[in-house]
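Enquirer: have a look at this prediction, sequence included:
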Amino acid sequence: MLDGLLDPLRWSVTLDNLDDFWAGFAFTVQVVLAGLALSLLLGMMLGVFSTTRSRILRGISRVYVEFYQNTPLVVQVFFMYTVGPQVLQALTASASPVRIAPFVLGYLGVGLYHAAYVSEVIRTGIESVPKGQPEAAESQGFSRIQAYAYVILPQTMKVILPPLCNQALNLVKNTSVLALIAGGDLMYRADNFVSTYGYLQGYIVCCGMYFLICFPLALLVQYLEKKSKRLPQAKAAPVATTAEEA
C-alpha cells in the first residue's frame, strides 16, 4: 500500500494531471465565494427576523433554521438536483426539464444550508447586546432599523466574527458534496482521476488543495477568537432602580 503511495511513476502521472485539479480548485473557490455571499445575506436577514417583535418573522426564521439544520445537506442537494429542473420546466412552460448548472446548484446548496447556521450566529450576537442599548437608541429618536444598523449590529460583529469564519470553513469543506452530482468541483476531479488511474495520489493532491483554502481560514478563526477575548464587553445601559432615579 505504502509502496504504491510512494511510487514515482504514479506521482508523475498525478502531477501531469495537475491542470485538471487546479480547474476543480478554481471552480470550488467560485462556489465558496458565491455560497458565502448568499449565506451571509440570507443569514443576516433571518438572524434579524428572529430577534424582531413580529411573531410572523420570528416564525419564518425558526422554520427555515429548523428545516435546514435537521436535514442532511446531501439530501437537500439531491432534491434540488432532481426536482429543480422539473419546477423550472413548470414555471417556464418548457417542453423538457430545465437543467440547472452545477455552479448554481453548488452555491445554492451550500449557501442555503449555511444561511441557517449563520442566522443562529447572528441571533446569538444580537441577543448578547444588552437590551437597554436598543431601547436607549430608540429613546434618542432612532428608528428600529437605524438602531440595528448603528447600535446593535456593529457591536454584534465583534462577537460573531470568529463563529462566522468557522461557518466559512465548514462551507468550504461541504462543497465536496457536489462530487455526488458531477459538479466539476475539486473532489469530483480527484474522484474522477482515482477512478480512471486507480492512483490514490489524486486524493492526496485533493486534500492538499483543500488545505490551501481551509488552513488560512482556520488561522483567521484563531486570530479573531484571541482578539475578541481582548475586546471590552458591551455594557448595559443604566436602568433606574428607584423612584428618585426614575
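Expert: On my side now, so go ahead. Numbering: from 1, shown residues only.

Enquirer: now the residue nearest the centre of the chain, nearest residue through space, not along the chain?
Expert: In the chain, the residue lying closest to the centroid (C-alpha atoms, centre = their mean) is His114, at 4.0 Å. Excluding the flanking residues, the one nearest His114 by C-beta to C-beta, 6 or more residues apart in numbering is Ser39, at 4.0 Å. The C-beta positions use only the backbone N, C-alpha and C, and glycine is treated the same way.

Enquirer: in what helix or strand does that neighbour lie?
Expert: Assigned by DSSP states H and E, Ser39 belongs to helix 18-49.

Enquirer: run the chain-centre distance for the very next helix or strand once past that helix.
Expert: Next in sequence after helix 18-49, counting helices and strands by DSSP H and E, comes helix 55-69. Mean C-alpha position of helix 55-69 versus that of the full chain (C-alpha atoms, centre = their mean, to the nearest Å) differs by 17 Å.

Enquirer: on contacts alone, who are the packing partners of helix 55-69?
Expert: Counting contacts by 3 or more C-beta pairs under 8 Å, 6 or more residues apart in numbering; DSSP states H and E, helix 55-69 packs against helix 18-49, helix 102-128.

Enquirer: in a markdown table: the ones you listed, plus mean pLDDT and distance to Ala149.
Expert: Shown next, in a markdown table, are the helices and strands packed on helix 55-69 (pLDDT from 0 to 100; distance: least, C-beta to C-beta, whole Å):
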| stretch | mean pLDDT | distance to Ala149 |
| --- | --- | --- |
| helix 18-49 | 94 | 10 |
| helix 102-128 | 92 | 12 |
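
Enquirer: can I get these in a markdown table including distance to Phe193?
Expert: Listed next are the helices and strands packed on helix 55-69 as a markdown table, based on distance: least, C-beta to C-beta, whole Å:
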| stretch | distance to Phe193 |
| --- | --- |
| helix 18-49 | 7 |
| helix 102-128 | 18 |
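
Enquirer: just those helices: most buried one?
Expert: Mean neighbours per residue, mean count of other C-beta atoms under 10 Å, is largest over these for helix 102-128, with a mean of 22.

Enquirer: okay, angle between whichever helix or strand comes after that one and helix 102-128 too, please.
Expert: Where DSSP H and E defines the elements, the next helix or strand beyond helix 102-128 is helix 132-139. Here the directions of helix 132-139 and helix 102-128 differ by 90 degrees (axes from the mean of the first three to the mean of the last three C-alpha atoms, to 10 degrees).

Enquirer: what is the burial count for Tyr203?
Expert: Per other C-beta atoms under 10 Å, the neighbour tally for Tyr203 reads 14.

Enquirer: can you list the weak-confidence ranges in this structure?
Expert: Along the chain, segments meeting pLDDT under 70 span 1-3, 182, 228-246.
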